[in-house]
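[1] What would the 3D arrangement of this be:
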Amino acid sequence: MFLRVFVLAAYAGIASSQTPLSTLQQALALFNSGKYQNSFEIASAYSAQHPESAEAFKLLGMAQFMLGKPDQALIALRHAVQLAPRDPDAYYYLGRLYFSKDNAVEALAAFQKVLELDPVSVRAMNNLGQAYEALARFQDAEKAYFAAIAAERQQAKKTEWPSYNLGLFYLNKGRVDDAIPYFRQALERNPKFASAKMKLATAIAKKGLSPEALDLLNQAVALEPENAEAHYRLGQLLNRLGKHKEAEQHLALFNQLQKR
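    This is a model prediction of the structure:
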């Protein structure tokens with residue numbers, strides 16, 4: 001309890017002694033480093049003192065979103081876009097929030113607004129594809145993923161997500177041959193992406209038994225030992241290979257993880 005009070009007091013001191021810009025820059029830096037609670041505390045204190053600050057409410061909503069407080073985040077982000085209707089970041093996080101609440105229609109509108117303000121936003125195109133998928137607008141989803149991949153190739157900052165999501169889109173449609181190159185492309189961007197390894201292995205295994213699929217699933221389990229699906233897929237493949245004892249171990253782990 002003492003430590004908690006001390007931390008809050010320290011941030012209150014920062015907020016009062018620094019300029020508004022440096023205070024919000026610190027909140028953003030904390031957010032970008034994954035320290036969402038600390039970012040929230042600074043943004044909360046600052047927004048209470050400066051109710052006209054769109055940046056403060058945006059950071060507040062972003063932090064609340066990452067802290068698993070969707071209702072509070074929605075209030076903050078709606079207020080942020082009212083204060084700054086041309087801030088693409090605020091609309092992006094608003095869209096992410098709507099999507100997490102299974103409101104694909106509002107999410108779609110938010111991501112479209114991001115692209116109106118920032119036409120080369122890879123993350124908006126990627127999330128637009130997911131929103132279209134949720135609405136069963138599959139041709140539009142495919143086009144959005146293609147656009148995200150094309151835009152990503154032109155930018156210095158690389159991301160695995162558009163390629164992965166397009167691969168997953170094809171895999172779910174049974175288009176295995178189309179899915180495989182996009183999972184490989186995602187792994188070129190992020191070689192430690194366990195889910196991409198698992199899905200690539202799943203796609204390869206659908207075409208027949210393959211040492212590569214087994215190796216990929218072993219890598220996925222090593223990277224994420226608590227990934228239930230990876231253990232399940234590995235157990236299935238080991239059974240197909242006649243390695244029943246090893247398969248039982250992974251399927252038992254799958255059942256344990258599912259119960260958590």
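[2] Report the buried residues of stretch 112-130.
    Neighbour-count burial for stretch 112-130, counted by 16 or more other Cβ atoms under 10 Å, picks out 113-115, 117-118, 121-130. Placement of C-beta: from N, CA and C, glycine included.
[3] Correction: the previous question concerned stretch 41-54.
    Those would be 41-47, 50, 53-54, for stretch 41-54 by 16+ other Cβ under 10 Å.
[4] Could you do stretch 215-230 as well?
    Those would be 216-221, 223-224, 227-230, for stretch 215-230 by 16+ other Cβ under 10 Å.
[5] For that stretch, list the C-alpha coordinates in PDB.
    Below are the C-alpha coordinates for stretch 215-230, written out as PDB (Å, rounded to 0.1, in the frame of the first residue of the first chain):
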ATOM      1  CA  ASP A 215       9.700 -28.900 -36.700                       C
ATOM      2  CA  LEU A 216       7.500 -25.800 -36.900                       C
ATOM      3  CA  LEU A 217       5.100 -27.100 -34.200                       C
ATOM      4  CA  ASN A 218       8.000 -28.000 -31.900                       C
ATOM      5  CA  GLN A 219       9.300 -24.500 -32.400                       C
ATOM      6  CA  ALA A 220       5.900 -23.000 -31.700                       C
ATOM      7  CA  VAL A 221       5.500 -25.000 -28.400                       C
ATOM      8  CA  ALA A 222       9.100 -24.000 -27.400                       C
ATOM      9  CA  LEU A 223       8.300 -20.300 -28.000                       C
ATOM     10  CA  GLU A 224       4.900 -20.500 -26.300                       C
ATOM     11  CA  PRO A 225       4.700 -23.400 -23.900                       C
ATOM     12  CA  GLU A 226       1.200 -22.400 -22.700                       C
ATOM     13  CA  ASN A 227      -0.300 -22.200 -26.200                       C
ATOM     14  CA  ALA A 228      -3.000 -24.800 -26.000                       C
ATOM     15  CA  GLU A 229      -3.700 -25.000 -29.700                       C
ATOM     16  CA  ALA A 230       0.000 -25.600 -30.500                       C
END
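[6] And the helices in the stretch 1-150 of the chain?
    Remark: helices assigned in the stretch 1-150 of the chain by DSSP state H, counting those that start in this stretch are 2-17, 20-32, 36-49, 54-66, 70-83, 88-100, 104-117, 122-134, 138-153.
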